[in-house]
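here are the coordinates; sequence isn't available:
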């Protein structure tokens, strides 16, 4: 697939040379020399990326950029100019530009910026398709889980296991990694996908009601059993799939009864005299190490081996950072729709912050963070400062303010994020006074100013 680039510049020589270069690099390129024709050209050509000159004879490129953000916000706009002015660059980025290039354009830098823009376009397209698919059909696809090498390897195993309609699968992983989603994917890819998928959280069932929940009961089987017959989860899942989530929380008594069902596919309802036969595929999920639980005497060894016919280990989110941006975009769309907000994306600095965060709560924590952020923001883009509450996990100031402690997450943190946060917090202490902030940080005022410009920190008072 050739990506389409529209060059908007009234310098014909620049346009021609840039077009030749981009065509050699494999792009489909069109030129617009007259700013008055930009909208017609965009509608006709439907570019994936726009290269826009800041200084046009009849128009200000920044004004055009702001207009594009309203109608063509999904197209990355890369600003180009012959003037090395940091203030203009900052203004362009703040106005929604994807990036900024200086004339004469460095070919290597151009290729890097264009690749970043392509990655952004591709990611957004994939998320849009995925979001639409999930809205329309609630059907999971491989793309839903991500593209990291670990996830790809797991999905390869999952697809093979799904083809078998009877194999019991044990799914292990930390809380919040999406074990139940993998279970649902196995069901949807299996020959049983037309039948029911029943999920039960074993940790949420009161011990005295566990047998009734799993196998049902007859009227009068116990106090409060007023129905003539209540079907249990195994009967409801007949010919389909049952997921026993957090199976490590089942009592030893229930483990014995579950083992019999797995072996014989038969059981009695509580208080019943008729044996019930079912044809059910059993999937089990746990955030515990069942092998260790067996050694401690908390889990039956025979049940463990019966469940562990095939095993899937779902990696924590911190070990699959390549998937964070895609998941974040997906959650952004979900909650933007839920809260009726027009939020077009996530700025690169915010993505970098999300990727540097350790995510102890995994995907569940990421989803909750995105919901919180989207609920509160009023802008059309999720920015780094909207996620400022996450920074406390990377940098903290102890009770003794004469000391400074830098905590590095096990997943690591980018140096730009550390420097930006350090400067922002120091400026907050000095109420934006750069002279005082420079003194605290042991820098000259000019060096502090340089760092602020380099990191895109605004020179304002009352920094939050």
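Sure thing, it's come through. Please read these numbers as outputs of a predicted model, since none were measured by experiment. Numbers count the residues shown, from 1 in each chain.

could you list the domains of this protein?
Per automatic domain parsing, the domain ranges recorded for the chain read 4-129, 142-315.

can you give me the strands in the stretch 151-300 of the chain?
Secondary structure of the stretch 151-300 of the chain (DSSP state E, counting those that start in this stretch): strands at 169-172, 197-201, 217-218, 229-230, 241-245, 266-268, 275-277, 281-286.

deepest of these, which one?
Using mean count of other CB atoms under 10 Å, the stretch among the strands of the stretch 151-300 of the chain with the largest mean neighbour count is strand 281-286, at a mean of 26. Glycine gets a C-beta too; all of them are placed from N, C-alpha and C.

may I see the strands of the stretch 151-300 of the chain organised as TSV, with mean pLDDT and distance to residue 386 added?
Shown next, in TSV, are the strands of the stretch 151-300 of the chain (pLDDT from 0 to 100; distance: least, CB to CB, whole Å):
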stretch	mean pLDDT	distance to residue 386
strand 169-172	96	34
strand 197-201	92	32
strand 217-218	84	50
strand 229-230	78	48
strand 241-245	95	33
strand 266-268	91	52
strand 275-277	90	53
strand 281-286	96	33
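
out of those, which is closest to residue 208?
Closest to residue 208 of the strands of the stretch 151-300 of the chain, according to CB to CB: strand 217-218, at 11.7 Å.

so how far is that closest one off the chain centroid?
44 Å (CA atoms, centre = their mean, to the nearest Å).

over to stretch 210-217?
Counting by CA atoms, centre = their mean, stretch 210-217 is centred 37 Å from the centre of its parent chain.

report the buried residues of it.
210, 211, 212, 213, 214, 215, 216, 217 (16 or more other CB atoms under 10 Å).

contact partners for the fifth one?
With contacts defined as CB atoms under 8 Å, 6 or more residues apart in numbering, the neighbours of residue 214 are 200, 232, 233, 234, 254, 257, 258.

switch to 6 Å and redo it
Residues in contact with residue 214 (CB atoms under 6 Å, 6 or more residues apart in numbering) are 232, 233.

follow-up on the earlier one: pick out the shakiest of the domains of the chain, pLDDT-wise.
Lowest mean pLDDT of the domains of the chain: domain 4-129, a mean of 85.

before we move on, the earlier item: turn the strands of the stretch 151-300 of the chain into CSV, columns for distance to residue 118.
Putting those into CSV (distance: least, CB to CB, whole Å) gives the following:
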stretch, distance to residue 118
strand 169-172, 35
strand 197-201, 38
strand 217-218, 59
strand 229-230, 56
strand 241-245, 39
strand 266-268, 56
strand 275-277, 56
strand 281-286, 37
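
tell me which of these lies nearest to residue 150.
strand 169-172 (13.9 Å).

quick one: list the elements packing against that closest one.
Strand 169-172 makes packing contacts with strand 281-286, strand 310-313 when contacts are defined by 3 or more CB pairs under 6 Å, 6 or more residues apart in numbering; DSSP states H and E.

between the longest one and strand 197-201, how big is the angle?
This points to strand 281-286. Orientation note: strand 281-286 sits at an angle of 30 degrees relative to strand 197-201 (axes from the mean of the first three to the mean of the last three CA atoms, to 10 degrees).

quick check: angle from strand 281-286 to strand 241-245?
20 degrees.

what separation is there between the most centrally placed residue in the chain and residue 368?
By CA atoms, centre = their mean, the mean C-alpha position of the chain lies nearest to residue 327, the distance being 1.9 Å. Going from residue 327 to residue 368 by CB to CB, to the nearest Å gives 12 Å.

same question, residue 217
Counting by CB to CB - residue 217 and residue 368 are separated by 36 Å.

do the same with residue 291
31 Å.

got the contact list for residue 213?
If you count contacts by CB under 6 Å, 6+ apart, then residue 213 has residue 205 around it.

which residues are in contact with the residue nearest to the centre of the chain?
Residue 327 touches residue 366, counting by CB under 6 Å, 6+ apart.

give the next helix or strand downstream of the host helix or strand of it.
Element membership for residue 327 (DSSP states H and E) is helix 324-338. As assigned by DSSP H and E, the chain's next helix or strand after helix 324-338 is strand 345-346.

can you classify residue 419 by secondary structure?
Per DSSP: H, G, I helix; E, B strand; the rest coil, the local secondary structure of residue 419 is helix.

please enumerate the strands of the stretch 351-464 of the chain.
Using DSSP E, counting those that start in this stretch, the strands assigned to the stretch 351-464 of the chain run over residues 381-382, 395-396, 405-406.

residue 351 reaches residue 324, doesn't it?
No. Using CB atoms under 6 Å, residue 351 is not in contact with residue 324, being 7.8 Å away.

host element of residue 78?
Using DSSP H and E, residue 78 falls in strand 77-81.

flag the shaky bits of the stretch 351-464 of the chain, pLDDT-wise.
Under the criterion pLDDT under 70, the flagged ranges of the stretch 351-464 of the chain are 392-412, 459-464.

rebuild the helices and strands packed on strand 169-172 as TSV, extending it with distance to residue 162.
Converted to TSV, the helices and strands packed on strand 169-172 look like this (distance: least, CB to CB, whole Å):
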stretch	distance to residue 162
strand 281-286	10
strand 310-313	11
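
residue 335 is nearest to which of those strands?
Closest among the helices and strands packed on strand 169-172, using CB to CB: strand 281-286, at 25.7 Å.

contact partners of that closest one?
Outside strand 281-286, the residues that touch it by CB under 6 Å, 6+ apart are 166, 168-172, 179, 183, 192, 241-245, 247-248, 307.

tell me the strands beside it, with direction?
Partners of strand 281-286 in the sheet, by DSSP bridges, are strand 169-172 (parallel), strand 241-245 (parallel).
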